[in-house]
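Enquirer: Sequence plus predicted model, see below.
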Amino acid sequence: MAGGSNRKSFPQQSPVWSRENKQSTQPNKHIMKPMNVTKHACLGLAALALALSVSVCIGKPVITVNTYDSNINGVWDWYGGSTLSWDSSQDHTGDGGGSLYIAKNTSNDHIFDVNSFSGNDWDNGTAYDLTLYTNLSLWIKWDTNSSMSISDFNANLGGLTMELNDNHLGQYDWSGNGLHALPSVQIPNAASNGWVHLNFPVSSTIPYIDSIGSIIFDAYHTTPWSGTVQFWVDDITFQPAAVDVVPPPILSPVTKATPGLNVFASTEGSLYDRQSAVLRQNSGLSWVGQATPANPVTYSFTIAGYPKSVNCEAWMFLIPNPAYLDNAPDWNETNVALFYLQGSTTSATAHFQYKVNEDHQQAMYSGGNETRGYYTNDPGSWNGVTPNYLESGNLASLTTSGGILGTWTVKFTSDTNGSIIAPNGSSTNFVIPPYNIGYFAEQTSPGFYVYLGMQANNADAIDQAVVYSNFAVSNTAEPFSENFLTDSVLDTTNVWNTSAASGPLGVFVAPAGSALWATWTLPDSSFSLQDAATLGNPFAWASPSLGPKLTMVGVRSQLLATNEIPAGPTAFFELVKRVPTQLQILLPGETNAPNTLTGKTGTPTTGFTTSDGVNVTINLVDSTFHIVSSTDAISLTSSDSTATFTNPLPTLAGGTVTVQVYFDSGSWTVTGADTTTPTITSGTSSSITIQ
C-alpha cells in the first residue's frame, strides 16, 4: 500500500450530448510566478451540434505572467539555494526595463528551486482558463560566467522544464498533485550570445487546464554537482492560438448515486493515494484498558457502495499517540493497527494488521530487513526481549462469499484478544502479542486517531467511491457513532477532518435524496449541465444546481438530487456552452428567470422617492437569459438625464453587478452597454416611477 506497493450503477438510459448554446438574437522544487491578464476583446463563434461541436475563439488575450521591468516582487527561493535578483541592465527588448537573474552555486542535485507568489495566489488566487492557449513563452539569456555550459545543462537535465500549478483546491497544492509538467525544451547555444525565445507547448487536455493559478521553473541534476548555473529570464507570457479548435466534453450515461460518506479515488497521478476522513475526536478511542468479555470494544462501519474493482481497498486506520496528521499514517507513523477490505458484491476478504516501533518502512506488509533490525510478519514469534528482532504483520484474514457490502466489525474482548466479523456473521479471531499492547495504549495528546477511507490501487477504481453509511466506536472511554444517511453535509468543522486527503473535495456526504451522477470529460470551459423530460421544447431545459461538482481524474462529476430529475418515463441530459449575447437590466421586484420569453418574473417595486437609492441589477445573459460568468466593464445611462449612479462604470463579477441609482421624479428607464465586448446587445430596464 504505502511506498507504491499494492496490497493484496445503475445507468439511466437516456440520450446525452454536448452542444453550444447559440440561438442568435445578437513540497516541490520550483520557480513559481503568478499571472496577470492583459485584456483584449474576444469574438466567440459557436455551432450547435448533437454528435460533435467545437469552440472557436479569435483574438484571445495574451496572458502576461511577468515582464520583470521594474522588480521581481513575490519571487523567492524555497529549497534549492538559488540567489535571485533584479537586473536593470538586462532586458530582452532593450527598452530600459529589467529581468530576473537566477544564480545557483550550491552542490546538490537541485540546480535551482525557486517559488514566486504574489497577492492571493498563495491562499486562493485567481484561476485562469488556458483551454485556448497553445504555448508558454519566455526569453532566456545564459550568463557565460556559469561553470556549467548550456550543453551540459541540456545533457544532464534534458533542457528546461516548466510546470503549471492548478488552482482546483483554491491554493498551492504542496502534495504535487496539482503540478503538470510541460514538455522540456532544450536551451539553444545561441543563448550564450544573447536573448533567445523559448516556447513550451500547452495542451488543452492537461487536468484542470481551466483553473491554472501559477507557473514553475523546474530543473534537477541527476547526480550531485558542484559549480554555478547563472542566467536571465524575461517576459513570460501565455500565447493564444489565432484560431483554436477544442473538442467539447463528452457526457457519459448517468449513474446511480449512493447516499452516505462518499470517498472517491480522485487524485491525479496516483493509484496509491489514501483518501480519508479523520475523526477530530482524538482521545478516549483505544480499546486498551477498556475491552472485556462483558464490555467488548467494537470498531464498525457499513459499506453501502464500492467501486467496480477487486483491487480497491476500503479501510480503517487506528493510530495510537500519533506524531502528526498525515496522508499515509500506515507508512509514516510508528505504531498502527489497520483493518482493510478488498472484494466485490459477491465476495470479500478482510485483513487486520499492525506494526510497532516502525516508521517509513514496509515490514507491516512484507517483512524483511530494515535499519533497526529484522522484522517478521509472523506476529507472536518474538519473545519481546531479544534485541534487533522485532515483529509486524497480518494478524488475521477473513474471506466471505457474502460480498463486501454491509457492516464489518473489529471486536476486542480484552487488550490482546479480538475478532473480525463480516456482514453475513462469519468471523475469525486474532491475538495481539501482549508485549506489544503497550504501544496501543493512549499515552500522549493527541492520544488516538481514527481514519476512514479508501485507496484505488488500480486504474479500474479511479473516479469511483467507497460509500460508508455509518461508523461507530463502542464501549471505549469516549465512544462515537454517526449515521451518514441522516447528514446533509459532512461536518468538517467539529467532527471530521479531510485535510489529510490529497483530494479533499472527493470526501463528502451525498445526502438522502441524491439520485444520479452526471459525469463528463475535461476540459469543459464554460459548459454546464442541463436536463429535460422532452426534446421538443427548447424552454424545458433546467440547470441542476443543488449537488456539488467534483473535479477528479480527467472528468468532472455533478451530483443530482431526486427533485432535479425530470418527472416521467424519460430524461434527457446535455452539456451546454453558454454564449453571452445581451445585457439584462432588472429593477427591484424583478428576478432573473431563464428559459422564459421575457427572461424575468415579477414587476418593479413602487413607492420610491427622489431620496431613495434604487438597486438596479445588470446581468450578462445568453439568448435564453441564463447568466454567463464575466468580468466585462459596463456603462450605464438613464432616460433621466439628471440620474446619478453610485458606480456609473461598474465591472461584472460572475456575470452580474448591482448599482444604486438616484432618480428625479417621473417615470424612467436604465440602459446598460458592454464596453469590453461591444458586440453584446445593450439592455434597457422596465420603467420605474419615482415620486
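Expert: On my side now, so go ahead. Numbers count the residues shown, from 1 in each chain.
Enquirer: By residue count, which helix of this protein is the longest?
Expert: helix 150-157 (DSSP state H).
Enquirer: Pull the CA coordinates from that one and hand them back as PDB.
Expert: Taking C-alpha atoms only, helix 150-157 is exported to PDB below (Å, rounded to 0.1, in the frame of the first residue of the first chain):
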ATOM      1  CA  ILE A 150      24.400  25.100 -21.900                       C
ATOM      2  CA  SER A 151      25.400  21.700 -23.500                       C
ATOM      3  CA  ASP A 152      26.000  20.200 -20.000                       C
ATOM      4  CA  PHE A 153      22.800  21.700 -18.700                       C
ATOM      5  CA  ASN A 154      20.800  20.200 -21.600                       C
ATOM      6  CA  ALA A 155      22.600  16.800 -21.400                       C
ATOM      7  CA  ASN A 156      22.100  16.400 -17.600                       C
ATOM      8  CA  LEU A 157      18.700  17.900 -17.200                       C
END
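Enquirer: got the buried residues for stretch 259-271?
Expert: Pro259, Gly260, Leu261, Asn262, Val263, Phe264, Ala265, Ser266, Thr267, Glu268, Ser270, Leu271 (16 or more other Cβ atoms under 10 Å). (Each C-beta comes from the backbone N, C-alpha and C, glycine too.)
Enquirer: Surely the first one and Ala515 touch.
Expert: No - look at Pro259 against Ala515 with Cβ atoms under 8 Å: they stay out of range, at 9.5 Å.
Enquirer: any weak-confidence spans in this protein?
Expert: Counting by pLDDT under 70, the ranges of the chain that qualify are 1-59, 74-81, 105-126, 167-177, 218-226, 242-246, 269, 360-391, 502-505.
Enquirer: Helices of that one, residue ranges please.
Expert: Using DSSP H, the helices of the chain run over 121-124, 150-157, 329-332, 363-366.
Enquirer: Number of residues surrounding Asp640?
Expert: If you count neighbours by other Cβ atoms under 10 Å, Asp640 ends up with 19.
Enquirer: Check the gap between it and Trp668 for me.
Expert: Asp640 sits at a distance of 4 Å from Trp668 (criterion: Cβ to Cβ, to the nearest Å).
Enquirer: mind saving the C-alpha coords of stretch 231-240 as PDB?
Expert: Presented in PDB, the C-alpha positions along stretch 231-240 are these (Å, rounded to 0.1, in the frame of the first residue of the first chain):
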ATOM      1  CA  PHE A 231      21.000  33.000 -16.400                       C
ATOM      2  CA  TRP A 232      18.400  35.700 -17.000                       C
ATOM      3  CA  VAL A 233      14.700  35.300 -17.700                       C
ATOM      4  CA  ASP A 234      12.400  37.900 -19.200                       C
ATOM      5  CA  ASP A 235       8.800  38.500 -20.500                       C
ATOM      6  CA  ILE A 236       6.900  35.300 -19.600                       C
ATOM      7  CA  THR A 237       3.500  35.000 -21.400                       C
ATOM      8  CA  PHE A 238       0.900  32.600 -22.400                       C
ATOM      9  CA  GLN A 239       0.100  32.800 -26.100                       C
ATOM     10  CA  PRO A 240      -3.300  32.000 -27.600                       C
END
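Enquirer: for the stretch 451-600 of the chain, what spans make up the strands?
Expert: 465-474, 480-483, 496-497, 507-510, 514-521, 527-532, 549-551, 555-561, 572-578, 582-586, 591-592, 600-601 (DSSP state E, counting those that start in this stretch).
Enquirer: would a markdown table of those with mean neighbour count and distance to Gly227 be doable?
Expert: Putting the strands of the stretch 451-600 of the chain into a markdown table (neighbours: other Cβ atoms under 10 Å; distance: least, Cβ to Cβ, whole Å) gives the following:
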| stretch | mean neighbour count | distance to Gly227 |
| --- | --- | --- |
| strand 465-474 | 23 | 50 |
| strand 480-483 | 15 | 58 |
| strand 496-497 | 20 | 46 |
| strand 507-510 | 25 | 46 |
| strand 514-521 | 22 | 46 |
| strand 527-532 | 22 | 50 |
| strand 549-551 | 19 | 42 |
| strand 555-561 | 21 | 46 |
| strand 572-578 | 22 | 52 |
| strand 582-586 | 21 | 61 |
| strand 591-592 | 14 | 63 |
| strand 600-601 | 16 | 69 |
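Enquirer: quick one, which of those strands is nearest to Thr679?
Expert: Across the strands of the stretch 451-600 of the chain, Thr679 has its closest neighbour in strand 582-586 (10.3 Å, Cβ to Cβ).
Enquirer: mind checking how far the closest one is from the chain centre?
Expert: When C-alpha coordinates are averaged (Cα atoms, centre = their mean, to the nearest Å), strand 582-586 and its chain have centres 33 Å apart.
Enquirer: Thr658: which of the strands of the stretch 451-600 of the chain is closest?
Expert: strand 582-586 (9.0 Å).
Enquirer: contacts for that closest one?
Expert: 25-26, 592, 599-600, 616-623, 625, 634, 670-674, 680-685 (Cβ atoms under 8 Å, 6 or more residues apart in numbering).
Enquirer: In strands, which of those appear?
Expert: Taking DSSP state E as the definition of strands, those contribute 592, 600, 616-621, 634, 670-674, 683-684.
Enquirer: Quick one, which of those are buried?
Expert: Of the ones in strands among the contacts of strand 582-586, these count as buried by 16+ other Cβ under 10 Å: 592, 600, 616-621, 634, 670, 672-674, 683.
Enquirer: so where do the strands sit in the stretch 201-350 of the chain?
Expert: In the stretch 201-350 of the chain, the strands defined using DSSP E, counting those that start in this stretch lie at 212-220, 229-240, 243-246, 255-256, 260-264, 275-279, 297-305, 313-320, 336-343, 348-355.
Enquirer: Let me have those strands in JSON lines, extended by distance to Val661.
Expert: Below are these laid out as JSON lines (distance: least, Cβ to Cβ, whole Å):
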{"stretch": "strand 212-220", "distance to Val661": "37"}
{"stretch": "strand 229-240", "distance to Val661": "37"}
{"stretch": "strand 243-246", "distance to Val661": "40"}
{"stretch": "strand 255-256", "distance to Val661": "49"}
{"stretch": "strand 260-264", "distance to Val661": "47"}
{"stretch": "strand 275-279", "distance to Val661": "49"}
{"stretch": "strand 297-305", "distance to Val661": "53"}
{"stretch": "strand 313-320", "distance to Val661": "58"}
{"stretch": "strand 336-343", "distance to Val661": "63"}
{"stretch": "strand 348-355", "distance to Val661": "66"}
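Enquirer: looking at these, which is buried most?
Expert: When the strands of the stretch 201-350 of the chain are scored by mean count of other Cβ atoms under 10 Å, the highest mean neighbour count falls to strand 260-264 (a mean of 27).
Enquirer: who's in contact with the closest residue to Asn647 other than its chain neighbours?
Expert: Spatial nearest neighbour of Asn647, chain neighbours left out: Val659 (5.1 Å); criterion: Cβ to Cβ, 6 or more residues apart in numbering. By Cβ under 8 Å, 6+ apart, the contact set of Val659 is Asn615, Val616, Ile618, Leu636, Phe645, Thr646, Asn647, Pro648, Pro650.
Enquirer: From Asn619, how far off is Thr677?
Expert: 14 Å.
Enquirer: One more: Phe448?
Expert: Separation of Phe448 from Asn619 (Cβ to Cβ) stands at 52 Å.
Enquirer: Also Gln275?
Expert: Distance, Gln275 to Asn619, by Cβ to Cβ: 38 Å.
Enquirer: Over to Val229?
Expert: For Val229, the distance to Asn619 - Cβ to Cβ - is 53 Å.
Enquirer: do the same with Asp234
Expert: 41 Å.
Enquirer: do Thr131 as well
Expert: 24 Å.
Enquirer: mind checking how far the nearest residue to Trp142 once chain neighbours are set aside is from Ser82?
Expert: Nearest residue to Trp142 in three dimensions, chain neighbours excluded: Ala191, at 4.2 Å (Cβ to Cβ, 6+ apart). Distance, Ala191 to Ser82, by Cβ to Cβ: 18 Å.
Enquirer: Which one's more surrounded, these two?
Expert: Taking other Cβ under 10 Å, Ala191 and Ser82 do not tie; Ser82 has more neighbours (24 against 21).
Enquirer: In this structure that one contacts Phe217, no?
Expert: No - in this structure, Ser82 is not within contact of Phe217 by Cβ under 8 Å, at 9.6 Å.
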